[in-house]
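[1] Have a look; sequence and predicted model below, questions after that.
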Amino acid sequence: MSQSSLLKSKNFLPFFSTQFLGAFNDNIFKNSLMLMLTYNVSESLGMNTLLVLNLAAVLFILPFLLFSSIAGQITDKYEKSSLIRKIKLIEIVIMLAAAVGLIFEQYYLLLFLLFLMGAQSSFFGPAKYAILPQHLKPEELVGGNALVQMGTFVSILLATIGAGIIMQFDANLIITATMVVGLAILGYLTSRSIPYGAPSDSQLKISFNPISTSFALISKTRETRSIFLAIMAISWFWFLGASYLTQFPSFSKDVLHGDASLVTLLLAVFSIGIGFGSMLCEKLSGQHVELGIVPLGALGMTLFGIDLYFAVPDRPDTAISWLMFLNEAANWRLLIDLAGIGISGGIFIVPLNAFVQFRSEEKYRARTIAVINIMNAVFLVASGLIGMLFLGILDLTIVDFFLVLAIMNLVVSAYIFYQINEFVARFIVWVLSHTIYRVNVKDLYNIPKTGPAVLVCNHVSYVDALLIAGTCPRPIRFVMDHNIFKSPFMGWFFRIVNAIPIAPIHQNELTYHQAFDSVSSALKNDELVCIFPEGKLTKTGEMNPFKSGIETIIKRDAVPVIPLALQGLWGSYFSHKGGTAFTTAPKRFWSKVNVLASEAILPENVSAQGLQDRVQGLRDSAS
């Protein structure tokens, strides 16, 4: 289902409307309060403006540290749509109190209510992200997350602009009070149409100790290294975004010599870029959870960030508006860089969110998402401290700080991709499948989402493993000829994806037995293993006989077997058509390749000949 279709879906539209209205209301209230504190704090509170603004920021972030672990437990334990409606009812109560505080200008009360709004948001976060995989198909998950991400940043942009406009009116307090209550009520009404979201772990015993529970959740999440590092990458995105957004007012005023309208322009370009990049993810990922585009986003954030350093114009010290800024052609490069950082950020963050939702254990999903909220809060605080360090203590300029952020992003991303080989592997596959290959898939839902299984496939070219790996959202351990495993062209890749080398027993008995031991260990660890039972590449285009190794594997570990077939690779550069691969001129590029899957075969029905017949039938079928 496309993103436009999702917005018409009863499974998604009420949820999307609820989260959009909630994010919009949060930011209308927060931004309006910030503006009020900025201009009224001296006479109302008798405190330094900068101190109060930082206090307000801390009060909104603190609940995510305190309550996210409890919120994750509650979301896993109870039905989610009912929980969301209760959270929205609490929002109405908070906003009614906020209306009183606004009308009577009770700023201490408003600061306390800002804390409560942060608490309400910390409970809403796990619920909204944990319910998505229950209502969306796997192929819709990226599109759904893209819409949520886009909606969040559009709501931030509209609320920031809206708060500034409202403050221009004499009746700004009454308008804000009416608006926040109205949005809260509207959000509750839309939440009433959110479909049922079954409890994930109804027997869970909730711990209300936020500190010990938070550390326990983080420790549990670290057990799955790929998920934990994906969470770190998500939090890094928020660190980077907050670092840029925080500096926009000073950057606009002190570097670009613009008025308040220029700040809005920079925010709009950056936010719209993130929204556009988020929406682009569905097309780039082929409507499945694709980690291969994450390095693309990371690279974009670094390259555009570095270019931003060189794109800042040397402007005279005369104030200009956003329209005057746009009229100077020299400024367009800066805006393109900001948009590029935003677009790259959207491409970076959406697949990571979808990946965590897709890979998380279902009964533990909301608690995993709670860890995202906890780490996001830590990274947001860190972004403020890092800004103070570089801009205050080290006395860097804002432009220098932007360059530091771009370099930091390169280092952090490289570390994450080095630690999790799957990012690099899938990026390589994504590049191949979007350049010299056009890959279509059929019936890949037959590959189980969890648990052990063996995939068997015909063997046509040196890139068979890459193309299969790129179509399956789960990591795969490939068993392959030890000579191919050691090949200078692709050996490094096979080591990255933990492929299992095998040799004929008469050539290398030790490698032969080690291969079967490794396959057994992988299956016992609930992994997917893929073998090419022909044992060698075809040199004629026709399938070679399947060897009995698959029967040995299944006798040792009784797991289901899923037949796969590759179509369209014979005659491509990496096949043996017309001679040995790599020794002849390329026969064709832009190959159209089909990857087809059949229903799983139960272990008691597995035989080499039966699997060969099934794969042969798939290979010869119309795609």
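    Thanks, I have it.
[2] which one is Thr302 nearest to, not counting chain neighbours?
    Leu410 (4.5 Å; C-beta to C-beta, 6 or more residues apart in numbering). Glycine gets a C-beta too; all of them are placed from N, C-alpha and C.
[3] Tell me the spacing between that neighbour and Ile306.
    Distance of Leu410 to Ile306, given as C-beta to C-beta, to the nearest Å: 9 Å.
[4] what do you get for Tyr418?
    As defined by C-beta to C-beta, Tyr418 lies at a distance of 21 Å from Ile306.
[5] What of Ser68?
    34 Å.
[6] more crowded one of those two?
    Ranked by neighbour count (other C-beta atoms under 10 Å), Ser68 and Ile306 place Ser68 first, with 30 against 18.
[7] how about that one, what does it touch?
    Counting by C-beta atoms under 8 Å, 6 or more residues apart in numbering, Ser68 touches Ser122, Gly125, Pro126, Ser214, Ala370, Val371, Asn373, Ile374, Ala377.
[8] Neighbour-wise, which one of those leads?
    In terms of neighbours by other C-beta under 10 Å, those top out with Ala370 at 32 neighbours.
[9] which ones are touching the spatially closest residue to that one that is not a sequence neighbour?
    Leaving out its chain neighbours, the residue that sits closest to Ala370 by C-beta to C-beta, 6+ apart is Gly72, at 2.7 Å. Gly72 sits next to Pro126, Leu217, Ala366, Arg367, Thr368, Ile369, Ala370, Val371 when contact means C-beta under 8 Å, 6+ apart.
[10] For the strand or helix carrying Gly72, what is the distance to the chain centroid?
    For Gly72, the host element (DSSP states H and E) is helix 49-77. Distance, stretch centre to chain centre, for helix 49-77: 22 Å (C-alpha atoms, centre = their mean, to the nearest Å).
[11] what's whatever helix or strand comes next after that helix packed up against?
    Toward the C-terminal end, the helix or strand that comes next after helix 49-77 (DSSP H and E) is helix 80-103. For helix 80-103, the elements it packs on are helix 13-44, helix 107-135, helix 172-191, judged by 3 or more C-beta pairs under 8 Å, 6 or more residues apart in numbering; DSSP states H and E.
[12] now the shortest one: how far from the chain's centre is it?
    Translated: helix 172-191. With C-alpha atoms, centre = their mean, you get 30 Å for helix 172-191.
[13] Could the C-alpha coordinates of that helix be exported in CSV?
    Taking Å, rounded to 0.1, in the frame of the first residue of the first chain, the C-alpha atoms of helix 172-191 are listed here in CSV:
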residue,chain,number,x,y,z
ASN,A,172,-2.5,36.1,22.4
LEU,A,173,-3.1,34.5,25.8
ILE,A,174,-6.8,33.8,25.1
ILE,A,175,-6.0,32.6,21.6
THR,A,176,-3.3,30.2,22.8
ALA,A,177,-5.5,28.9,25.7
THR,A,178,-8.4,28.2,23.3
MET,A,179,-6.1,26.6,20.8
VAL,A,180,-4.3,24.2,23.1
VAL,A,181,-7.6,23.0,24.6
GLY,A,182,-9.3,22.6,21.2
LEU,A,183,-6.3,20.7,19.8
ALA,A,184,-6.3,18.3,22.8
ILE,A,185,-10.1,17.6,22.4
LEU,A,186,-9.7,17.1,18.7
GLY,A,187,-6.8,14.7,19.3
TYR,A,188,-8.9,12.7,21.7
LEU,A,189,-11.8,12.5,19.1
THR,A,190,-9.5,11.1,16.4
SER,A,191,-7.9,8.6,18.8
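[14] quick check: angle from that helix to helix 80-103?
    With axes from the mean of the first three to the mean of the last three C-alpha atoms, to 10 degrees applied, the angle from helix 172-191 to helix 80-103 works out at 170 degrees.
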